[in-house]
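In: requesting a structural model of the entry that follows:
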Amino acid sequence: MTQQAFPKLLSSRIAFDVARTILDGFDKHYRLFRQASQEARRHFEAADWSTAQAAARARIDFYDRRVQECVQVLQDGYTTEELGDPVWREIKLHYIGQLAGHKQPELAETFFNSVSCHILHRSYYHNDYIFVRPVISTEYIETEEPQPTYRVYYPAADGLRTALRRVLTNFQFAVPFADLERDLALVEARMVQACGLERAEPNLQLQVLSSPFLRNKGAYVVGRVINGPRDYPFVIPVLHDAGGQLVLDTVLLEVYHITLLFSFTRAYFLVDMEVPSAYVAFLRSLMPRKPRSEIYTVLGLQKQGKTLFYRDFLQHLKHSSDLFRIAPGIRGLVMLVFELPSFPYVFKVIKDWYPPPKETTRAQVKEKYLLVKHHDRVGRMADTLEYSDVAFPLARFSEELLAELRQHAPSLVEIEGERIVLRHLYIERRMVPLNLYLAEAQAAGDEGRVEHGIVEYGNAIKDLVAANIFPGDMLYKNFGVTRHGRVVFYDYDEIEYLTDCQFRDIPQARNEEDEMASEPWYPIGRHDVFPEQFGRFLLGNPGIRHHFMQHHAELLTRAYWQSHKDRILAGVVDDVFPYPQQIRFCHPANPTTAHTMHAHSPAAAPPILENLNHE
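Out: Model prediction:
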């Protein structure tokens, strides 16, 4: 662009007004986003768990609603001719100018992209029209509020206990602590040992993010200890005890446990952040191997997470040469799953038709995935990234994969020259299918891995039950093993709310003909579930059956499932802790937990611990 053209180009009043409209739409969105986080704190203080869950689900839809509102305003106010190519380029330039001094410029750029992509054809998805790359730096953005991004405490003056007391009291929770001094002593003892504070280096600091991280029934204080040249992350979960007062439930000091807290298998946090990029930078210092895309996502900024993920993916494509291929494992009836071996994610496309006994539609499958997006995933369901009109280099697709796509999902495939465009797909973190994990462990004679897989499988089901989720199809192929050795459910086309299921015992046969019948002689409703039948499909292998019956025999009884359904219907919200039970403080007044997270079962550490960012 020449210097002579630049002043002339920035002459359109329409371009300025459209840019202002889009930024106003984003500012409205982020104002409501922060308001939801502020209200979440009040729900926590009031122990109003049902309202907190409903509000967290509602917030997920905020972004799409604001985008649709903005698109509607532009479509009502301007014709297609008024928003031609030169004007749209100018809109982006005006928008960049209006982001000077903005506290969330990276989010505002993504919002601009979302609005633009609803209006423009995908041939315009390049840097002249949208933000393919970020333009505004997020480095060193300063908050203008009285509350800084993080506060700094110096234990050398009055001691670690006093500094920790100031950390907790500065949050000014509207609920008293049951025994803060008792809890601080426990935190201090563990922190001294884990962070080497027996020898305090000069300038010893505690740096603590100013807003609590709220999710489900917990508030989390997130910070780091700086002792000389070393940094040590820590997270302190704050819960309500049985009497309604606050307790410090534990202190997380291992990167492994903190990474699990921020896992892609959990619900999004609600955090009041004026400068989200500063929070992301702080969290990355605690978990340096976790991608920024995943940190934005777990903070509830999932659209920004999608943007960063896609930029990382495009960069990976430029620097790799392997081919996309069908993912290993048993091929599903509903989803066609493929992978790029060098990239730790899988791509899932809904097929155009499904053989019996599947009775579903593409719309119903998308509803199931949306259910999971809005639900508490309790560390046992993988979050998914949903995309439309994704272009891949055609030369990178194997012949087998192209044939499968053309056969099973032709309505979603479009070839444009050297590109293949998939009109709709999901992207998930890649895991080892549980059936393959068990088969490989048995082939190697590794009984410990077999037991670990079955124990984790049953624990995953129990965690889902506590969250009011019935997996539907509980075959091992529908569960995956993460790099941490945790078992996660990832096939959602038959998922149901537990409270919608009718759990039944198989009726007693009336006569010999009933016993010999090839089909059930008793009526079966659409939502009927017979737990005693699970063993027929799951426990044919004697070794697997032994471990299952040893640890999870109750899953084959109607009484287990019905009791949890009754609790949920009675309004009970079970505790599912995102950290191991054995590291919790043993408070006599802690909540009576009918259900706790099974993070390390059996007691030995998970068999796979590398690449901590993968969960």
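In: please count neighbours and contacts with C-alpha atoms only from this point.
Out: Noted.
In: now R406. Nearest residue, chain neighbours left out?
Out: In space, not counting the residues next to it along the chain, R406 is nearest to V413; the distance is 7.0 Å by Cα to Cα, 6 or more residues apart in numbering.
In: distance between the helix or strand containing A40 and the chain's centre?
Out: Taking DSSP states H and E as the criterion, A40 maps to helix 13-45. Relative to the chain's own centre, helix 13-45 is displaced by 22 Å; criterion: Cα atoms, centre = their mean, to the nearest Å.
In: any chance you could map the strands in the stretch 251-400 of the chain?
Out: Assigned by DSSP state E, counting those that start in this stretch, the stretch 251-400 of the chain shows strands spanning 325-326, 335-339, 345-350, 384-393.
In: each with direction, which strands does the third one pair with?
Out: The strands that strand 345-350 pairs with in its sheet are strand 335-339 (antiparallel), strand 419-429 (antiparallel) (by DSSP bridges).
In: show me where pLDDT drops low in the stretch 451-600 of the chain?
Out: Low-confidence segments of the stretch 451-600 of the chain, defined by pLDDT under 70, span residues 514-515, 517-518, 587-600.
In: which of the strands paired with strand 345-350 sits closest to T110?
Out: For the strands paired with strand 345-350, the distance to T110 is smallest for strand 419-429, at 19.0 Å, taking Cα to Cα.
In: ok now the closest one, how far from the chain's centre?
Out: Worked out by Cα atoms, centre = their mean, strand 419-429 lies 19 Å from the chain centre.
In: same question, stretch 268-276
Out: 15 Å.
In: surely M381 touches S263?
Out: No. Using Cα atoms under 8 Å, M381 is not in contact with S263, being 10.3 Å away.
In: buried deepest among the strands paired with strand 345-350, which one?
Out: strand 335-339 (a mean of 22; mean count of other Cα atoms under 10 Å).
In: close enough to count as contact, I295 and K306?
Out: No. Because the distance of 11.0 Å does not satisfy Cα under 8 Å, I295 is recorded as not touching K306.
In: which residues touch G445?
Out: Listed by Cα atoms under 8 Å, 6 or more residues apart in numbering, G445 has no contact partners.
In: can you give me the pLDDT of it?
Out: G445 carries a pLDDT value of 95.
In: now it, what's its secondary structure?
Out: Here G445 is coil, with the state taken from DSSP: H, G, I helix; E, B strand; the rest coil.
In: the one 10 residues further on too?
Out: Three-state call for V455 (three-state DSSP): helix.
In: who touches stretch 398-407?
Out: 323-326, 336, 338, 413.
In: return the member of these nearest to Y476.
Out: Nearest to Y476 among the contacts of stretch 398-407, with distances taken as Cα to Cα, is L336, at 17.6 Å.
In: pLDDT at that closest one, what is it?
Out: For L336, pLDDT reads 96.
In: how close does it get to A553?
Out: From L336 across to A553, the span is 33 Å (Cα to Cα, to the nearest Å).
In: one more: P237?
Out: Taking Cα to Cα, one finds P237 at 32 Å from A553.
In: more neighbours: which of these two?
Out: P237 (24 against 16; other Cα atoms under 10 Å).
In: can you pull the contacts of that one?
Out: P237 neighbours (Cα under 8 Å, 6+ apart): 218-221, 248-251.
In: most neighbours among those, which one?
Out: L248 (28 neighbours).
In: which helix or strand contains the closest residue to that one other than its chain neighbours?
Out: In this structure, L248 finds its nearest non-sequential neighbour in V238, 4.8 Å apart by Cα to Cα, 6+ apart. Using DSSP H and E, V238 falls within strand 230-240.
In: that strand: what's the following helix or strand?
Out: Downstream of strand 230-240, the next assigned helix or strand under DSSP H and E is strand 246-248.
In: output the contacting helices and strands for that next one.
Out: helix 180-194, strand 230-240 (3 or more Cα pairs under 8 Å, 6 or more residues apart in numbering; DSSP states H and E).
In: pick the most buried one from the ones you listed.
Out: strand 230-240 (a mean of 21).
In: so, low pLDDT: which residues of the stretch 51-200 of the chain?
Out: 124.
In: break down it into its helices, ranges please.
Out: 62-77, 85-98, 105-119, 155-158, 160-169, 180-194 (DSSP state H, counting those that start in this stretch).
In: any idea which of those helices is most buried?
Out: Neighbour counts (mean count of other Cα under 10 Å) averaged over each of the helices of the stretch 51-200 of the chain peak at helix 105-119, with a mean of 21.
In: list the contacts of it.
Out: With Cα under 8 Å, 6+ apart, helix 105-119 has contacts from 22-23, 26, 67-68, 70-71, 99, 125, 129-131, 134, 136-138, 303-304, 307.
In: how near is K217 to D389?
Out: 38 Å.
In: more neighbours: those two, which one.
Out: Neighbours were counted for K217 and for D389 using other Cα under 10 Å; K217 has more, 23 against 15.
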